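Asks: Below are the sequence and a predicted model for it; my questions follow.
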Amino acid sequence: MDTNYFGLLRMCHFLFPLLRPSSRVVHVSAQVGHLTQIQNGTELREKFKMSNMTEDELTGLMQQYMHDVHNGTHLEKGWPDSPYTVSKIGVSMLAMIQQKDFNRTTDIAINSVNPGYARTQMTNFTGIMEAEEAGDPILYLACLTPGRGEPKGKLIWNNKEVQAWNDTLVHVNDHPSKCKKYW
């Protein structure tokens with residue numbers, strides 16, 4: 001939680017004042033950083049669906065998760081059992097919230113991305129793509145043309161497609177060139 005969500009938040013607070021008018025910001029999320037990963041908490045899920053959520057409210061939810069884990073009540077309150085999952089849900093939501101703040105004044109684009117399941121040390125080299133391939137959607141978002149309307153404040157999948165926050169997940173057990181939606 002401290003690295004994936006709170007560390008990212010601290011870096012944003014430090015670096016955002018330095019952004020130029022057409023900057024691109026890419027938050028690295030994950031397949032588990034999607035709203036559908038909150039499977040047992042209807043009330044909790046509804047909180048994450050709020051389109052008017054603020055950064056402070058999201059941070060409060062992340063702190064609530066840590067409090068609930070400390071008290072052993074996180075599962076009964078509907079949280080996923082994995083801190084990694086919760087942190088990546090927070091990362092994805094953070095991009096959406098931050099983009100709303102920048103929409104008023106600049107052409108800055110802030111998105112989150114699921115780069116895919118890559119063969120890296122983190123996955124014990126069991127991923128389905130090379131790390132270089134997983135970098136492709138990150139580079140795509142970092143190089144969006146200035147003045148382009150979209151994507152902004154979106155969760156982008158490893159096939160460079162926008163994944164709707166309230167939608168069914170894209171199937172991720174395929175190479176990005178073979179990603180398909182399962183309804």
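Replies: Okay, I see it.
Asks: Helices along the protein, start to end?
Replies: 8-15, 42-49, 55-71, 83-103, 131-142 (DSSP state H).
Asks: buried residues in the second one?
Replies: Same thing as helix 42-49. 44, 45, 47, 48 (16 or more other CB atoms under 10 Å). No exception for glycine: its C-beta is placed from N, CA and C like everyone else's.
Asks: what does it rub up against?
Replies: 35, 38, 53, 61, 77, 78, 79, 89, 93, 165, 166 (CB atoms under 8 Å, 6 or more residues apart in numbering).
Asks: between it and helix 83-103, how many degrees?
Replies: Helix 42-49 and helix 83-103 meet at an angle of 40 degrees, taking axes from the mean of the first three to the mean of the last three CA atoms, to 10 degrees as the criterion.
Asks: pLDDT of helix 42-49, averaged?
Replies: Mean pLDDT, computed over helix 42-49, is 90.
Asks: distance between it and the chain's centre?
Replies: Centroid separation for helix 42-49 versus its chain: 16 Å, with CA atoms, centre = their mean, to the nearest Å.
Asks: Okay, angle between it and helix 55-71 too, please.
Replies: 150 degrees.
Asks: Next up, the contacts around the residue nearest to the spatial centre of the chain.
Replies: By CA atoms, centre = their mean, the chain has its centre lying nearest to residue 92, at 2.1 Å. By CB under 8 Å, 6+ apart, the contact set of residue 92 is 27, 29, 33, 34, 35, 112, 155, 165.
Asks: Compute the distance between the residue at the greatest distance from the centre of the chain and residue 79, please.
Replies: Distance from the C-alpha centroid of the chain peaks at residue 71, with 26.2 Å (CA atoms, centre = their mean). Plainly put, residue 71 is 11 Å away from residue 79 if you go by CB to CB, to the nearest Å.
Asks: Same check on residue 13?
Replies: Using CB to CB, one obtains 25 Å as the distance from residue 13 to residue 79.
Asks: Cool, thanks, talk later.
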